[in-house]
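Need coordinates for the following:
(chains A and B)
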2 protein chains.
Amino acid sequence: MMELNEALYTTRAMRRMRPDPIPQEVEARILDAAIRAPSGGNSQQWRFVLVDDGQTKAQLGPWYRQHVAWAWDTIYRDRLDVARDDPDDPDNAALLRMQRSVSHLADNFEQTPLLMLPFVRSDVAGESIFPAVWSAMLAARADGVGSALTTLLNRSQDEVAQLLGVPPDRGWRLACCVAFGYPRGRWGLAVRRPAHEVAARNRWDEPLGYEIPEPLW
Amino acid sequence: MMELNEALYTTRAMRRMRPDPIPQEVEARILDAAIRAPSGGNSQQWRFVLVDDGQTKAQLGPWYRQHVAWAWDTIYRDRLDVARDDPDDPDNAALLRMQRSVSHLADNFEQTPLLMLPFVRSDVAGESIFPAVWSAMLAARADGVGSALTTLLNRSQDEVAQLLGVPPDRGWRLACCVAFGYPRGRWGLAVRRPAHEVAARNRWDEPLGYEIPEPLW
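I've put the predicted structure just below:
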């Protein structure tokens, strides 16, 4: 039993995991929570492939490492250069911590106890799969299981589909990959820009009308 | 205070709402829960525009009704024809109930107490906004506030952006629209295909290895 807000506020990305397997009853709770989430028109055009087999993980691992390396070299390149020049700045320090954490997951990808690869059909914006994915991560949190969501494996969409034997003619698309495992780190509030800085009322440039300087949980 | 699983299992779409306004402290909890959700690289490239102004709702309403009519005529046309011919079949009855419920929201769109229009930047799959959107809906549930998510307004993406004064040159994209209000209906478990029918282990066509015939909450 866990209070909703504790889960919503403290389910931060956990990329350093112990190799202990996830018990079947915990896995079942994760899956059953996922399928309770909404999807457009309740269409449930989703499939959840769980991977706990060493051989399959050994195929996925190099792809993930390749795309992580790509991300550092492209999306994150300029910000990482800046961060390494001034690592004491809080934002830079956070970015460098994130890089170490992602690199740790990449280096140890094959030791991840459980991967979930959700596939979705005819879903443009992600509205019919990411509520389910987030429900799975929240349900895992209630059982003390950490998780980390990545879309980098989507760059090997076709190879992943072939590896898993996804039928090629039905429009199934890999939505993301979620790694699950008992965390080495601690649960806690992640740093966020406060809501009043990213919310507006009725017009883009109109203030919300109040401030939320501290977390409400 | 609400238990996590109660929220995950019973937050079904609520499209029949009372006109009562959402108190500011409830709205603040909804927003603050949203921004605690994960986003790719913790980038938080999101903005949440709340709409509670009658004039703005009066602009959005006709667009929503137009796209709802379009959806019945296109995406849902064949299934609705089948359903009207055999309305006693459980799947057909569910579809017709959904149509009535969406039509009710469309007809009464301007009376929705609060709309949330989340915008996102550089997010392809929706992984960096729909966890936040679902957290907002779950937090609302804990306060007894119902919600309904639609992506139909995205079809008027440009008109909505212009109406709200979204700067055109920064790549902001409307992710969806969430209607919030105190529900007339009851909370409860929605019908879903059981997890073992939509999950597989290691290969697309390999069974999960166990069944989950009844909800685990």
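
Give the burial count for residue A:109, as a bare number.
If you count neighbours by other Cβ atoms under 10 Å in any protein chain shown, residue A:109 ends up with 21. The way it works is simple: take the backbone N, C-alpha and C, and place the C-beta from them, glycine included.

Phi first, then psi, for it.
Backbone geometry at residue A:109, expressed as degrees, to the nearest 10, gives phi -50, psi -40.

wait, doesn't residue A:137 sit right on residue A:143?
No - in this structure residue A:137 lies outside contact range of residue A:143 using Cβ atoms under 8 Å: 11.2 Å.

With neighbour numbers in mind, choose between the two.
Neighbours were counted for residue A:137 and for residue A:143 using other Cβ under 10 Å; residue A:137 has more, 27 against 16.

Can you tell me the closest non-neighbouring residue to the more buried one?
residue A:147 (4.4 Å; Cβ to Cβ, 6 or more residues apart in numbering or on different chains).

Also residue A:109?
Nearest to residue A:109 is residue A:61, by Cβ to Cβ, 6+ apart, at 4.1 Å.

What of residue A:157?
In space, not counting the residues next to it along the chain, residue A:157 is nearest to residue A:174; the distance is 5.2 Å by Cβ to Cβ, 6+ apart.

what do you get for residue A:139?
Nearest to residue A:139 is residue A:33, by Cβ to Cβ, 6+ apart, at 3.5 Å.

per-residue pLDDT, that neighbour?
Predicted confidence (pLDDT) for residue A:33: 98.

Check the one 5 residues further on too.
According to the model's per-residue confidence, residue A:38 sits at a pLDDT of 96.

sorry, back to before: these two touch, right, the residue nearest to residue A:157 and residue A:116?
No - applying Cβ under 8 Å as the test, residue A:174 and residue A:116 come out as separate, 11.2 Å apart.

circling back: same for the helix or strand containing the residue nearest to residue A:137, what does it pack against?
Following DSSP states H and E, the helix or strand that holds residue A:147 is strand A:146-150. Counting by 3 or more Cβ pairs under 8 Å, 6 or more residues apart in numbering or on different chains; DSSP states H and E, the packing neighbours recorded for strand A:146-150 are helix A:130-142, strand A:177-181.

Buried residues, the top strand by length along chain A. List them.
Once chain A is assigned using DSSP state E, the strand that runs over the most residues is strand A:114-121. Residues of strand A:114-121 classed as buried: A:114, A:115, A:116, A:117, A:118, A:119, A:120 (neighbour count, 16 or more other Cβ atoms under 10 Å in any protein chain shown).

Let's verify residue A:91: helix, strand, or coil?
Counting by DSSP: H, G, I helix; E, B strand; the rest coil, the backbone at residue A:91 sits in helix.

just the strands in chain A please.
Under DSSP E, chain A gives strands at A:46-51, A:114-121, A:146-150, A:172-174, A:177-181, A:199-201.

tell me the angle the fifth one makes with strand A:46-51.
Between the axes of strand A:177-181 and strand A:46-51, defined by axes from the mean of the first three to the mean of the last three Cα atoms, to 10 degrees, the angle is 50 degrees.

Tell me which residue lies nearest the centroid of chain A.
Taking Cα atoms, centre = their mean, the centroid of chain A lies closest to residue A:149, which sits 1.4 Å from it.

and the residue nearest to it when sequence neighbours are not counted, how many neighbours does it have?
Among residues not flanking residue A:149 along the chain, residue A:178 sits closest, at 5.2 Å (Cβ to Cβ, 6+ apart). Counted by other Cβ under 10 Å, the residues lying close to residue A:178 total 23.

I'd assumed residue A:146 was in contact with residue A:178.
No - Residue A:178 lies out of contact with residue A:146 (Cβ under 8 Å); the separation is 10.5 Å.

And the pLDDT for the nearest residue to residue A:50 once chain neighbours are set aside?
With sequence-adjacent residues excluded and distances taken as Cβ to Cβ, 6+ apart, residue A:50 is closest to residue B:201, at 5.2 Å. Note on residue B:201: pLDDT of 98.

show me what contacts residue B:201?
A:49, A:50, A:51, A:52, A:53, B:207, B:208, B:209 (Cβ atoms under 8 Å, 6 or more residues apart in numbering or on different chains).

Check residue A:125 too.
B:126, B:130, B:151, B:154, B:175, B:176.

quick one: the first one from residue B:60, how far?
In this structure, residue B:126 lies at 21 Å from residue B:60, with Cβ to Cβ, to the nearest Å as the measure.

Looking at these two, which one has more neighbours?
residue B:126 (27 against 22).

Need the nearest residue in space to the more buried one, chain neighbours excluded.
residue A:126 (1.9 Å).

same check, this time on residue A:93
Per Cβ to Cβ, 6+ apart, closest to residue A:93 is residue A:87, 6.0 Å.

what number of residues lie near that neighbour?
Per other Cβ under 10 Å, the neighbour tally for residue A:87 reads 11.

re earlier: among the contacts of residue A:125, name the buried ones.
B:126, B:130, B:151, B:154, B:175, B:176.

could these go into CSV alongside pLDDT?
Formatted as CSV, the buried ones among the contacts of residue A:125 follow (pLDDT from 0 to 100):
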residue, pLDDT
B:126, 93
B:130, 97
B:151, 96
B:154, 96
B:175, 96
B:176, 97
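
can you pick the most crowded of the contacts of residue B:201?
With neighbours taken as other Cβ under 10 Å, the top of the contacts of residue B:201 is residue A:49, carrying 26 neighbours.

pLDDT score for the closest residue to residue A:203 other than its chain neighbours?
Distances taken as Cβ to Cβ, 6+ apart place residue B:165 nearest to residue A:203, at 5.0 Å, with adjacent residues excluded. Looking at residue B:165, its pLDDT is 98.

From residue B:118, how far off is residue B:165?
16 Å.
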